[in-house]
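Engineer: Fold the following and give me the result.
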Amino acid sequence: MALTGERKREKDRNRLRAKTAQGQDIGQIPSIVDAIRRRDCIADFELYCKTYHAAEFDKPWADYQRRMAARIQNAAETGGWRAEAVPRGGGKTTLCACGIEWAALRGSHKYPIIVAASKGLAVKILKGIKMQLYTNELLLEDFPHAVYPIRCAKNEARRAGGQTYDSEKTMLEWNSERIVLPWIEEEESLSDGVVIEAFGMEGAIRGLKHTRPDTSTVRPDLALVDDPQTRESAKSPSQTQSRLEILTGDIAYLAGPGESLAVFCPCTVIYTDDLADGILNREKHPEWQGERTRMVESFPANIELWDKYADIRRASLREDGDGQAATKFYLDNRTAMDAGSSVSWEHRRKPTEISAIQHAMNLKIRDEASFYAEMQNEPVQKQDDLELLSSDKIAEKVMGNARGVVPDDCAVVTAFTDVQKEHLFWMVVAWTNDFTGFILDYGAWPEQGRNYFTRREIRKKLSTTYKGDESGQIFAALTDLGAKLAGTPYRSKSGRELSLARWCIDGNWRSRTAAIESYAKQSPYKAVITVTQGRGVKATENPFSQAQRAIRWRTGPGWFWVDGPGPARWVTFDANLWKKRIHEGLSMGIGSRSSIQLFNAPPHAHQMLADHLRAEKPVKNESNGRTVYEWQEIPGRDNEGLDCLVGCAVGASIEKIQRASERPAAVQAKARVSLSEIQRKRRGA
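Structural biologist: Residues are numbered from 1 along each chain as shown. From the prediction side, this is the model:
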């Protein structure tokens, strides 16, 4: 009897399902080829590298590589933090990637992570681990429960997702940023469900956890933090501090309450006092147990011969030669030229070079500064004291949130108004508790209806918009602007509301002070209004922190206020200090703690504000042991936006927003409090 059309289609679907299921099942997992070899390598990380990665470690090992392997194993087995500086190209990243692979395959760690200066670099390390798991024949022989299902997935994420073993899903994940090893549940399978994930140093790395098929939850328990700084961040003190806070705060405490995360950080020192230089310093950061390895442990005694060698080599290269004339000179005088020298790895040289010390000296001759930084981990170059982004770069520093929308992790919103003769310039900024700032909105009042205008080009003026004298115009303008800034709460994407916590108004102009103070006393928003006065404290003057304080003074970093007889409060702040802080925040990468970024808009829409922020230049002055950047206006430039951002930051400081580095040690050590509780306590205060 012929099948109906629908019955035939159902039969075809069932046949296809059966065929697909058959194709997704990996069948029998091969037996372990050499159980003794596997057992010994599980117990000895150096042996693991030499056995399963012989092609990558094809030269005899240096003593520092053996020490590094031992320290990786020690960190994995006993916990703690380790920092290791070795010469560039010395195999540190390969060794550490093998460490992640080793910890995963033996199942000692359920959630090892890879962190690098950028996400792209971390993904590249993970890609290398994936390639080994997919192609390494010895790993397939001795760790078949982990590797055979990966081999069956044919390096395809789609195949991995549908894979089964004995009619059960293997739960294998296989993508560019994260892999989850198969869940086999057999006695010889050590690595069931192990997660390996890659992150950039400034990426979203907090709160990581993974739920396994048995419903247990795991958090990161081992971290490889490979070269956590870029050349740009290493040059910047502010970015160095930000990355240190990420390393010792966000990353080091990923394991969760009561648990410890083993961290191994291979690094290279680029500038004096950069991130690597800091964590390697056992006096400053003994918790990292830092070790430095130099390419040249001691230099040759006969420098005169090496100077002649350098002259011969440079002359040869200038004449399109290959430097062999210098090599001949070295061969003729090798005993004298090698005397007194010692290198960390005797086998590191090019095929055309005779020895490791010749290779090292060639690098030194080519670029001495780079040699001391990259190969000796003893940089001669210092960090910049203060770096300024260009206005174009500032305009590109946008976040994902639209204009006026508060990021969900912000705790406080502040505003500032700069009072000019014919307009007010205003800004609103949201702040997280670690002083990360998000510019929500800014502009002129009366509104100009343009993205870009200058002080000289103001079309809608106070004098033509409001009646009365200058004081009356300012009072009326502040009344209207106050309704805009403080009249309604600010909302996040999730719908959470934050009221304006502090509105600072510029009181530097004596002719306008009466109107501003009158409004501050009568405004319906007087509880949040503070009149401010900026004063640039010079290097020749004592900082505010050393000033004599009256009983009613309240102080913060670079500011103080005195409670007056009325509701209006006056705050005086150090404009030089706060402008430096603002530019430090602007120079930090997006996502860094204490960085400053703008709402989402095309760069041309922010060009006016960016030009305002670069309207003054810092001049470094030193006196009586104090170094101060004294800011000077650049003629012809408008700077209202800079004044507003500074004022918003001072307002945040008044509201007890602090950089992590400014908090008392006891506060820094506390577990993070939920945002709702922070806000509840703030309201209660």
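Engineer: Would you map the helices across the stretch 151-300 of the chain?
Structural biologist: With DSSP state H, counting those that start in this stretch as the criterion, the stretch 151-300 of the chain has helices at 157-162, 231-235, 237-245, 275-280.
Engineer: Show me where the stretch 451-600 of the chain dips below the pLDDT cut-off.
Structural biologist: Filtered on pLDDT under 70, the stretch 451-600 of the chain yields the residue ranges 547-553, 562-568.
Engineer: and the helices of the stretch 151-300 of the chain, which is most packed in?
Structural biologist: Comparing the helices of the stretch 151-300 of the chain by mean neighbour count (mean count of other Cβ atoms under 10 Å), helix 275-280 ranks first with a mean of 25. Where C-beta positions appear, they are placed from N, C-alpha and C, glycine not excepted.
Engineer: Angles on the backbone of residue 255, please.
Structural biologist: Backbone torsions of residue 255, given as degrees, to the nearest 10, read phi -70, psi -20.
Engineer: Excluding covalently adjacent residues, which one is nearest to it?
Structural biologist: What sits nearest to residue 255 in space, not counting adjacent residues and going by Cβ to Cβ, 6 or more residues apart in numbering, is residue 261, at 4.0 Å.
Engineer: ok now do that neighbour, which residues does it touch?
Structural biologist: 79, 220-223, 251-255 (Cβ atoms under 8 Å, 6 or more residues apart in numbering).
Engineer: now the helices of the stretch 151-300 of the chain as CSV including distance to residue 137 and mean pLDDT?
Structural biologist: Conversion of these to CSV gives the following (distance: least, Cβ to Cβ, whole Å; pLDDT from 0 to 100):
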stretch, distance to residue 137, mean pLDDT
helix 157-162, 20, 87
helix 231-235, 39, 80
helix 237-245, 39, 81
helix 275-280, 37, 90
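Engineer: Out of those, the one nearest residue 179 is which?
Structural biologist: Judged by Cβ to Cβ, the one of the helices of the stretch 151-300 of the chain that comes nearest to residue 179 is helix 157-162, at 8.7 Å.
Engineer: Just the residues contacting the closest one, thanks.
Structural biologist: Contacts for helix 157-162 (Cβ under 8 Å, 6+ apart): 20, 24, 150, 152-153, 170, 172-175.
Engineer: Export the helices of the stretch 151-300 of the chain as JSON lines, with columns for distance to residue 40.
Structural biologist: Listed next are these as JSON lines, based on distance: least, Cβ to Cβ, whole Å:
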{"stretch": "helix 157-162", "distance to residue 40": "30"}
{"stretch": "helix 231-235", "distance to residue 40": "40"}
{"stretch": "helix 237-245", "distance to residue 40": "39"}
{"stretch": "helix 275-280", "distance to residue 40": "33"}
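Engineer: Which one, of the ones you listed, ends up nearest to residue 640?
Structural biologist: helix 237-245 (24.1 Å).
Engineer: Just list what the closest one packs against, helices and strands only.
Structural biologist: With contacts taken as 3 or more Cβ pairs under 8 Å, 6 or more residues apart in numbering; DSSP states H and E, helix 237-245 sits against helix 231-235, helix 275-280, helix 575-587.
Engineer: Next up, phi/psi of residue 341, please.
Structural biologist: With angles defined as degrees, to the nearest 10, residue 341 sits at phi -90, psi 150.
Engineer: can you pull the contacts of it?
Structural biologist: Taking Cβ under 8 Å, 6+ apart, we find residue 341 in contact with 296, 298-301, 357.
Engineer: ok, and the most crowded of the residues you listed?
Structural biologist: Comparing the contacts of residue 341 by number of neighbours (other Cβ atoms under 10 Å), residue 357 comes first, having 25 neighbours.
Engineer: Would you mind measuring from the residue lying closest to it once chain neighbours are set aside to residue 305?
Structural biologist: Spatial nearest neighbour of residue 357, chain neighbours left out: residue 341 (4.6 Å); criterion: Cβ to Cβ, 6+ apart. Distance check for residue 341 against residue 305: by Cβ to Cβ, to the nearest Å, it reads 12 Å.
Engineer: same check, this time on residue 87
Structural biologist: 24 Å.
Engineer: which phi and psi does residue 259 have?
Structural biologist: phi -110, psi 160.
Engineer: what's around it, how many residues?
Structural biologist: 12.
Engineer: So it sits against residue 219, correct?
Structural biologist: Yes - applying Cβ atoms under 8 Å, one finds residue 259 in contact with residue 219, separated by 6.9 Å.
Engineer: before we move on, the earlier item: give me the more crowded residue out of residue 87 and residue 305.
Structural biologist: The residue with more neighbours, out of residue 87 and residue 305, is residue 87; 26 against 17, by other Cβ under 10 Å.
Engineer: Secondary structure element for that one, which one?
Structural biologist: Following DSSP states H and E, there is no helix or strand that holds residue 87.
Engineer: Number the chain from 22, please
Structural biologist: New numbering, starting at 22: the last item is residue 108.
Engineer: Now for it: which residues touch it?
Structural biologist: Residues near residue 108 by Cβ under 8 Å, 6+ apart: 289, 314-316, 365-366, 395-398.
Engineer: Which pLDDT value goes with it?
Structural biologist: Residue 108 is assigned 87 on the pLDDT scale.
Engineer: does the closest residue to residue 499 other than its chain neighbours sit in a helix, a strand or a coil?
Structural biologist: Distances taken as Cβ to Cβ, 6+ apart put residue 540 closest to residue 499, at 4.6 Å, once the chain neighbours are dropped. At residue 540 the chain is in helix, as set by DSSP: H, G, I helix; E, B strand; the rest coil.
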